[in-house]
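> Just the structure for this:
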Amino acid sequence: MRKLIVSLMMAATIAPAVAAAQSPGELRRDRQDIREQRRDLYEAQRRGDRRDVREARQDLREARREYREDLRDRDRRWSRDDWRGYRNQNRALYARGQWRAPFRYNQWRPGARIAPSYYAQRYWINDPWRYRLPPARPNTRWVRHYNDVLLVDYRRGTVLDVIRNFYW
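Okay, the predicted model is just below:
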């Protein structure tokens with residue numbers, strides 16, 4: 001019972017951190033909602049009932065707030081640890097599989113210099129957003145190294161960041 005309660009508490013803290021990107025259709029519906037609320041406010045002002053005007057203003061304010069939140073979610077930049085909750089819900093995406101490298105495993109640390117064979121193009125993670133990794137800066141790439149993920153400056157061969165046990 002204790003494990004169940006602890007796991008539910010952990011899930012409750014992780015769930016709000018995972019935000020879904022808003023599709024253009026959802027944003028379009030939000031804008032339509034704002035237009036409808038504006039029409040309702042106009043009609044309430046024409047009729048002159050104070051209570052209806054107050055409620056219509058509140059509804060319009062809420063519709064605008066929801067639209068702003070959806071825009072923020074769409075434009076959200078993923079931080080370093082946003083992948084954790086997403087990984088728990090999408091285990092198959094992070095499956096290790098039969099991935100093998102022609103070199104042995106090394107525990108790299110930020111600041112280490114590595115040979116180009118460790119961060120060759122075939123080890124690049126081409127779509128870091130898919131794994132909820134933060135976007136790589138110019139001249140850097142996320143690279144898979146066994147279960148770990150490395151952020152490498154490919155001009156100098158320097159490891160900038162390491163996420164251990166990223167893949168299952």
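
> When you work out contacts or count neighbours from here on, use the C-alpha atoms and nothing else.
Will do.

> any idea how far the residue lying closest to Tyr131 once chain neighbours are set aside is from Arg122?
Spatially, and ignoring its direct neighbours in sequence, Tyr131 is nearest to Trp83 (6.3 Å; CA to CA, 6 or more residues apart in numbering). Going from Trp83 to Arg122 by CA to CA, to the nearest Å gives 22 Å.

> who's more crowded, these two?
Trp83 (19 against 11; other CA atoms under 10 Å).

> what sits against that one?
Tyr131, Arg132, Leu133 (CA atoms under 8 Å, 6 or more residues apart in numbering).

> just the residues you listed now: which is nearest Gly48?
Distances from Gly48 to the contacts of Trp83, taken as CA to CA, are shortest for Arg132 (50.4 Å).

> So which other helices or strands are in contact with the one helix or strand Arg68 maps to?
Assigned by DSSP states H and E, Arg68 belongs to helix 50-74. With contacts taken as 3 or more CA pairs under 8 Å, 6 or more residues apart in numbering; DSSP states H and E, helix 50-74 sits against helix 24-47.

> Mind giving me the packing neighbours of the helix it packs on?
Using 3+ CA pairs under 8 Å, 6+ apart, helix 24-47 sits against helix 50-74.

> quick one: the following helix or strand past the helix it packs on to chain centroid distance?
Next in sequence after helix 50-74, counting helices and strands by DSSP H and E, comes helix 83-89. Averaging C-alpha positions (CA atoms, centre = their mean, to the nearest Å) puts helix 83-89 10 Å from its chain's average.

> for stretch 62-75, same thing?
Computed by CA atoms, centre = their mean, the chain-centroid distance of stretch 62-75 equals 16 Å.

> which of the residues in the host helix or strand of Arg141 are buried?
Using DSSP H and E, Arg141 sits in strand 140-145. For strand 140-145, the neighbour count (16 or more other CA atoms under 10 Å) marks Thr140, Arg141, Trp142, Val143, Arg144, His145 as buried.

> The third one and Trp124 touch, don't they?
Spelled out, that is Trp142. Yes - using CA atoms under 8 Å as the test, Trp142 is close enough to Trp124 to be in contact (5.9 Å).

> Below-threshold pLDDT in this protein: ranges please.
1-24, 73-81, 96-99 (pLDDT under 70).

> Go again with 80.
Along the chain, segments meeting pLDDT under 80 span 1-27, 48, 70-85, 94-102, 168.

> residues near Arg91, how many?
Neighbours of Arg91 (other CA under 10 Å): 12.

> which residues touch the nearest residue in space to it that is not next to it in sequence?
Excluding the flanking residues, the one nearest Arg91 by CA to CA, 6+ apart is Trp168, at 7.9 Å. Shown in contact with Trp168 (CA under 8 Å, 6+ apart): Arg91, Tyr94, Ala95, Arg96, Asn147.
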